[in-house]
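A.B. asks: pasting the sequence and the predicted coordinates here, then a few questions.
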Amino acid sequence: MPRRPLSTTLARGLKLRCPRCGRGRLYESWWQMRDACAECGLKYERAPGYFLGATYINYGVTSSSLTLLYVGLHFGAGFDNRSLFWPLGLYCVAFPIACFRHARSLWLAMDSFIDFESFEAEHD
């Protein structure tokens with residue numbers, strides 16, 4: 001089977017779908033991730049601690065967006081540091097919690113793109 005385009009793989013990740021078939025849902029509920037795809041049988045957690053790398057995605061997106069928000073609000077809109085402290089502090093807590101599912105999904109999608117043969121071999 002030929003490698004899927006990166007855009008397809010990332011779109012599946014953003015939609016919280018199986019990176020291999022694109023049909024199976026990754027999550028049963030907000031907090032509960034499925035063990036495997038109901039459609040194609042792909043095992044999501046590849047090894048113990050597999051999703052540790054997703055924390056790097058979550059951290060990178062959180063810190064980048066926080067920096068952009070701070071620069072825009074402080075220098076662009078003229079808010080002082082005291083008025084930004086609590087809203088941006090809350091953002092640092094709430095944003096990673098809200099985005100952890102997408103970070104895990106993107107980690108799985110990127111791994112399936114980079115290690116394509118391993119993901120397809122599991123299918124056989």
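C.D. replies: Nice, I can see it.
A.B. asks: what residue is smack in the middle of the chain?
C.D. replies: In the chain, the residue lying closest to the centroid (Cα atoms, centre = their mean) is Ala103, at 1.7 Å.
A.B. asks: contact partners for that residue?
C.D. replies: Ala54, Thr55, Ile57, Asn58, Val61 (Cβ atoms under 8 Å, 6 or more residues apart in numbering). (Each C-beta comes from the backbone N, C-alpha and C, glycine too.)
A.B. asks: now, which of the residues you listed lie within helices?
C.D. replies: Among those, the members falling in helices are Ala54, Thr55, Ile57, Asn58, Val61 (criterion: DSSP state H).
A.B. asks: and Cys21, how many neighbours does it have?
C.D. replies: 15 (other Cβ atoms under 10 Å).
A.B. asks: what mean pLDDT does stretch 23-40 have?
C.D. replies: Stretch 23-40 shows a mean pLDDT of 94 in the predicted model.
A.B. asks: which residues are in contact with it?
C.D. replies: 16-18, 20-21, 42-45, 101, 104-105, 108, 123.
A.B. asks: go through that stretch and flag the buried ones.
C.D. replies: Gly24, Leu26, Met33, Arg34, Cys37 (16 or more other Cβ atoms under 10 Å).
A.B. asks: and the residue nearest to the centre of the chain, helix, strand or coil?
C.D. replies: Assigned with DSSP: H, G, I helix; E, B strand; the rest coil, Ala103 falls in the helix class.
A.B. asks: ok, back up a step: export the buried residues of stretch 23-40 to TSV and tack on distance to Ser118?
C.D. replies: What follows is the buried residues of stretch 23-40, written out as TSV (distance: Cβ to Cβ, whole Å):
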residue	distance to Ser118
Gly24	18
Leu26	18
Met33	20
Arg34	19
Cys37	15
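A.B. asks: which of these sits closest to Thr9?
C.D. replies: Nearest to Thr9 among the buried residues of stretch 23-40, counting by Cβ to Cβ, is Leu26 at 13.6 Å.
A.B. asks: which residue is the nearest non-sequential neighbour of that closest one?
C.D. replies: Leaving aside its chain neighbours, Leu26 sits nearest to Leu16 (4.9 Å; criterion: Cβ to Cβ, 6 or more residues apart in numbering).
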